[in-house]
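Trainee: Sequence and predicted structure, then a few things I'm wondering about:
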Amino acid sequence: MKIKRLYILLAIVLLTIGTFGIYGVGKSVSSAHSLVEAFEEAIHDENARKVNELLASTDEKWEFTEKDAEDLIAFFKEQPDKMDTIVRALKSQATAQDTDTPNPNEPNLGNYGTIKLFEAGDRYVVFKDYKLAITPAMLQVMPSTDDSTFQIDGETLEVLENAGGNPVYGPLWPGDYTVTEKIPSNVADITESKEVLLFTMKNEYESVDFDLDIGTIKAAAPYPDTELLINDEKVGITLNETSQEIGPLRLDGESELKIEKTFPWGTVESQPVSLEDKAIEFRDFQAIDETMQNELMESMNKAMLQRLEARRHQKIEAMEAAVSDNYREELEDEIKEGEYSGELHSAYYNVETMKQPIWNEEEERYELKVEVEYHIEGAKETSRLYSNEDGRSVHSIQLTTHYSEAEQQWIIDDHRNEIFLVPKKFEKKFTF
């Protein structure tokens, strides 16, 4: 009898131990902390399938896929502080769940673009079951123009809705995204990208405002068939003397426009113009660079010195300067006027008249009409101007010259008295 009672007592003890053991194992398996630790381990191991199994979307319409899990893992790997934020908050939530004691200092994970722990019912009747819920966010984009299109991380997504004319994209899971605006243009499409973080948000919508300074411009060039360059790149547009509409373009000053024109003496580029104005004409385009201008002025100086020498000696020697037959004939007529004693003292060129040659349709050549003041001493002046700036007496001469493609140089054609003053700011002086 005693032995029987002893067996019964032993069975009761073993049953009690087993019951508590099974309860402890069950409670451990179903504990909130275990779930958080499994999630942390899956992220660390880059196990996208496991992460996908552990996370459930808060909205049945939006499925959290294994590809989404891969992107989430990549986000946490690139920004481990965000992973630490999530894990600390989840562990705090787990402690509150396991102890049935709310934590007043629990970190705030927001309501969107986040992951939270929640109780999902009972397991085996007596044990609580927990889930990790992932909640997406929405991205509202405010475009620069009505023609703008957008890509998110290089993909064109379907517009979920329009809020006041602003497209809304989503759902987007926690992470950082690159939003790119594309604006079509007849020059080159405009693109602008912005980074946006969707993480532990208070509100469902995150806004991205592009608001680029965009507009069309009118541009003209002093010569036909002049190529337009934007930021040193040809854009397939040629300009002429008539303004034409170009764009849309960015008008924030970050872009620069130039023009390029090929002449018989070479290809010439303008100085860059910052794209801030809506009308650009390139009036200061310098078709002849400073080196060629200096060479031309030296040739004109030489021609004038030889011209005066011929008049003093009453005969034309071999002309070293490049002059035309018409120039020689003019000089012969001057020699016939009789004795002459003038000597060249100084020359004042208006370099502004040497920048943009004119195309002579009839002669099919480029020509310049250069303004120069010659101060000639010892001559009986027949035409004279008195400069208000320094009181010098000068001949005002307009020299017509053309570019010879055959000789690859400028030829002086005509020497004509005119009435003008060379402005000081454009003056280039030579003394002899």
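Mentor: Arrived safely. Everything numeric in this text was worked out from a predicted model, so none of it was measured.

Trainee: tally of neighbours for the nearest residue to Val372 once chain neighbours are set aside?
Mentor: Leaving aside its chain neighbours, Val372 sits nearest to Tyr349 (4.9 Å; criterion: CB to CB, 6 or more residues apart in numbering). Every residue, glycine included, has its C-beta placed from N, CA and C. Burial of Tyr349 is recorded as 24 neighbouring residues (other CB atoms under 10 Å).

Trainee: And His313, by the same measure?
Mentor: 11.

Trainee: Leu229 too?
Mentor: When counting by other CB under 10 Å, one arrives at 17 neighbours for Leu229.

Trainee: Which strand or helix spans it?
Mentor: Assigned by DSSP states H and E, Leu229 belongs to strand 226-230.

Trainee: From the contact counts, what lies against that strand?
Mentor: If contacts are counted by 3 or more CB pairs under 8 Å, 6 or more residues apart in numbering; DSSP states H and E, strand 226-230 sits against strand 233-239, strand 256-263.

Trainee: Run the chain-centre distance for that strand.
Mentor: Computed by CA atoms, centre = their mean, to the nearest Å, the chain-centroid distance of strand 226-230 equals 17 Å.

Trainee: Just checking: what are the partner strands of it?
Mentor: Applying DSSP bridges, strand 226-230 is found paired with strand 233-239 (antiparallel), strand 256-263 (antiparallel).

Trainee: Can you lay out those strands as a markdown table showing distance to Glu227?
Mentor: Below are those laid out as a markdown table (distance: least, CB to CB, whole Å):
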| stretch | distance to Glu227 |
| --- | --- |
| strand 233-239 | 6 |
| strand 256-263 | 5 |
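
Trainee: Can you tell me the closest non-neighbouring residue to Met319?
Mentor: Gln306 (5.6 Å).

Trainee: dump the residue contacts of Phe75.
Mentor: Residues near Phe75 by CB atoms under 8 Å, 6 or more residues apart in numbering: 82, 174-176.

Trainee: Likewise for Thr353?
Mentor: By CB under 8 Å, 6+ apart, the contact set of Thr353 is 368-371, 426.

Trainee: which SS class is it?
Mentor: Following DSSP: H, G, I helix; E, B strand; the rest coil, we place Thr353 in the helix state.

Trainee: Next step: the contacts of Phe75 restricted to strands.
Mentor: Using DSSP state E, the subset of the contacts of Phe75 located in strands is 175-176.

Trainee: Gln314 and Ile335 touch, don't they?
Mentor: Yes: at 5.7 Å, Gln314 and Ile335 qualify as touching, with contact defined as CB atoms under 8 Å.

Trainee: between these two, which one's more packed in?
Mentor: Legend: neighbour count by other CB under 10 Å for Gln314 and Ile335, higher for Ile335 (16 against 11).
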